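A.B. asks: take this sequence and fold it.
(chains A, B, C and D)
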Protein chains: 2
Amino acid sequence: MRIGELSARTGASVRMLRYYEEQGLLTPVRTESGYRIYQESDVDRVARIRCMLSAALPSGVVGQALRFLLDGRAAIPDEPADRARLADTLQGELNLLTEKIESLRSSRDLLATIVADVRGDVVGPGHPGDPGGAVARRSVRKAGPAVGLAR
Amino acid sequence: MRIGELSARTGASVRMLRYYEEQGLLTPVRTESGYRIYQESDVDRVARIRCMLSAALPSGVVGQALRFLLDGRAAIPDEPADRARLADTLQGELNLLTEKIESLRSSRDLLATIVADVRGDVVGPGHPGDPGGAVARRSVRKAGPAVGLAR
DNA sequence: CTAAAGCCTCACACCGACGTTAGAGTCAAG
DNA sequence: CTTGACTCTAACGTCGGTGTGAGGCTTTAG
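C.D. replies: Sure thing, here's the model as predicted:
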């Protein structure tokens, strides 16, 4: 497919797709006239890219991770030494990714606490028309630092 | 404490601390001569700010979260309608964040299996005493940029 | 008192991840 | 063949988060 279709199917702008290519995250082939031709699998790939970039992962990490996430074992070298090096590299990125996830989880938990407070706590005395449902009422009363830091 | 000490204790540059203030995320008092004076609690606060910013949360959300942390329930609007809107906004961010986390986790898991694959092949059948955690085992032998990261 | 260290406020610069525009080529349909 | 949608490259603009000075006060140590 060409870039317009990929854009439509992924929600990424044409500009973003070209930018990803510039960064080595996508490598479409070209027609004689220079048009980019993408594969079906690139739809998936773009989704991954956007997810990882939106999590503020360095594009180098994104690129490296993508090569193996999407190309699978085909990219595994034969030489044992090469494989060892590769494993270490990937392990480093794995650790980065894990850190990032922990950081995100911490932020999410903090956000969840706040949401619960806003929804629940301040309901106040005698507010008849209030549709009480969705979220539990009990939460932080004095608004202390209820959430720990991850780091 | 003054800005230098806070910088040293948080690892954030002086520039960053001033920038956070500019964005309303920190509100140190000033001496007569204009020096910023921070509180103990600001150490924690900076850690939270950096955590949330590194998670690429929208600055508005960070600001609201931080305002909540600073002012406690005082930051929650009185008007039920305002509260509802705020809660919805935050809930939306919360959901987005949760999705992002799930997606990243799936990427991480995939990456983990690949690493295990590569490493497992390298290590061979019997390797009992190997603690899976640390990396630097039998790595970079020939050295050289086999898998260079851009940037 | 004086020098060094620390802090202040601009203010310009940079990088990543885009948006936008301009000018030109390509392609399918009428 | 012409038109209009699509694509190309190239370049500049923007915005958030930082680095890096310049020039001038303040505080602290000797």
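A.B. asks: going forward, measure contacts and count neighbours with C-alpha atoms only.
C.D. replies: Will do.
A.B. asks: who in chain A is up against DNA strand C?
C.D. replies: A:13-16, A:19, A:31-34, A:50, A:53, A:56-59 (CA under 7 Å from any atom of the strand).
A.B. asks: filter the residues you listed by proximity to chain B?
C.D. replies: A:Ala56, A:Ser59 (CA under 8 Å from any CA of the partner chain).
A.B. asks: among the residues of chain A next to DNA strand C, which are in strands?
C.D. replies: Using DSSP state E, no member of those sits in strands.
A.B. asks: nearest to DNA strand D among the residues of chain A next to DNA strand C?
C.D. replies: Distance to DNA strand D, by CA to the nearest atom of the strand, is smallest for A:Gly34 among the residues of chain A next to DNA strand C, at 5.0 Å.
A.B. asks: would you map the helices across chain A?
C.D. replies: For chain A, the helices defined by DSSP state H cover A:3-10, A:14-22, A:41-54, A:59-71, A:80-120.
A.B. asks: switch those over to a markdown table; also include mean neighbour count.
C.D. replies: A markdown table is the format used below for the helices of chain A (neighbours: other CA atoms under 10 Å in any protein chain shown):
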| stretch | mean neighbour count |
| --- | --- |
| helix A:3-10 | 15 |
| helix A:14-22 | 15 |
| helix A:41-54 | 17 |
| helix A:59-71 | 19 |
| helix A:80-120 | 21 |
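A.B. asks: just send those back as a markdown table, with mean pLDDT too.
C.D. replies: Converted to a markdown table, these look like this (pLDDT from 0 to 100):
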| stretch | mean pLDDT |
| --- | --- |
| helix A:3-10 | 98 |
| helix A:14-22 | 97 |
| helix A:41-54 | 92 |
| helix A:59-71 | 77 |
| helix A:80-120 | 84 |
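A.B. asks: I'd like those helices as a markdown table, with distance to B:Lys100 appended.
C.D. replies: Shown next, in a markdown table, are the helices of chain A (distance: least, CA to CA, whole Å):
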| stretch | distance to B:Lys100 |
| --- | --- |
| helix A:3-10 | 16 |
| helix A:14-22 | 19 |
| helix A:41-54 | 7 |
| helix A:59-71 | 15 |
| helix A:80-120 | 9 |
